[in-house]
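Visitor: no sequence on this one, just coordinates:
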Ligand SMILES: C=C(O[C@@H]1C=C(C(=O)O)C=C[C@H]1O)C(=O)O
């Protein structure tokens, strides 16, 4: 009797050494800095307002008529450097305007300060929903955080240099 075994292609399963990073709770900045033995260097490639795509609205949990309305958000795109000339992580953060109220406005003035310093200043972890996927740039985690009742979405892609540095 033949038995079919459908081995899942390796590309659908993250490498085991990446799993603790893809699933890390709390600040990724904190664990990256521990691994680097030095503060992260944040290189910004974009910061500013952009209209959200339908997919981004869905990822933020919007539904119904909110999906059809144009919606602006503050977007931050960075490369994070540990102790390497090559970046370890590429990240995109999405802050809907409703999130940027009160003292959260400082999320628009971070410059080279990692978001994690602000996000996890008072709490080691935050309620979140996480989606892990494989992209052309590398394995990615997309995390929708509930930050004191405000929603924000952070996508982090682990670049080849991160695994190559697996000290
Ligand atoms: C969200 C965090 O901040 C990190 C810093 C980022 C930034 O400064 O733009 C983006 C993604 C994160 O890897 C974190 O520390 O978990």
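Guide: Yep, it's here. In this text the structure is predicted, and so the values were computed from the model without any measurement.

Visitor: near the ligand, which residues of the protein show up?
Guide: The chain has residues 27-29, 42, 76, 78, 80, 89, 91, 93, 114-116, 119, 154, 156 near the ligand, with proximity defined as C-beta under 6 Å from any ligand atom. C-beta coordinates here come from the backbone N, C-alpha and C atoms, glycine included.

Visitor: among these, which are located in helices?
Guide: Mapping those onto helices (DSSP state H) picks out 28, 29, 115, 116, 119.

Visitor: wait, which of those is closest to residue 140?
Guide: residue 28 (12.3 Å; C-beta to C-beta).

Visitor: could you measure from that closest one over to residue 61?
Guide: 21 Å (C-beta to C-beta, to the nearest Å).

Visitor: ok, the two, which is more surrounded?
Guide: It is residue 28, of residue 28 and residue 61, that has more neighbours when counted by other C-beta atoms under 10 Å, with 25 against 12.

Visitor: so in this protein, where's the weakest helix or strand by average pLDDT?
Guide: helix 160-164 (a mean of 91; mean pLDDT, DSSP states H and E).

Visitor: now do the contacts for whichever residue of the chain sits closest to the ligand.
Guide: Among all residues of the chain, residue 116 sits closest to the ligand, at 2.0 Å; criterion: C-beta to the nearest ligand atom. By C-beta atoms under 8 Å, 6 or more residues apart in numbering, residue 116 lies in contact with 27, 28, 29, 30.

Visitor: ok, 6 Å please
Guide: By C-beta atoms under 6 Å, 6 or more residues apart in numbering, the contact set of residue 116 is 27, 29.

Visitor: helices and strands around the helix or strand harbouring residue 151, which ones?
Guide: In the assignment (DSSP states H and E), residue 151 maps to strand 150-158. In terms of contacts (3 or more C-beta pairs under 6 Å, 6 or more residues apart in numbering; DSSP states H and E), strand 150-158 is packed against strand 89-96, strand 138-147.

Visitor: for the residue most central in space within the chain, give me its contacts.
Guide: Closest residue to the average C-alpha location of the chain: residue 155 at 2.8 Å, with C-alpha atoms, centre = their mean. Residues counted as contacts of residue 155 (C-beta under 6 Å, 6+ apart) are 92, 140, 142.

Visitor: which of the residues you listed has the most neighbours?
Guide: residue 140 (21 neighbours).
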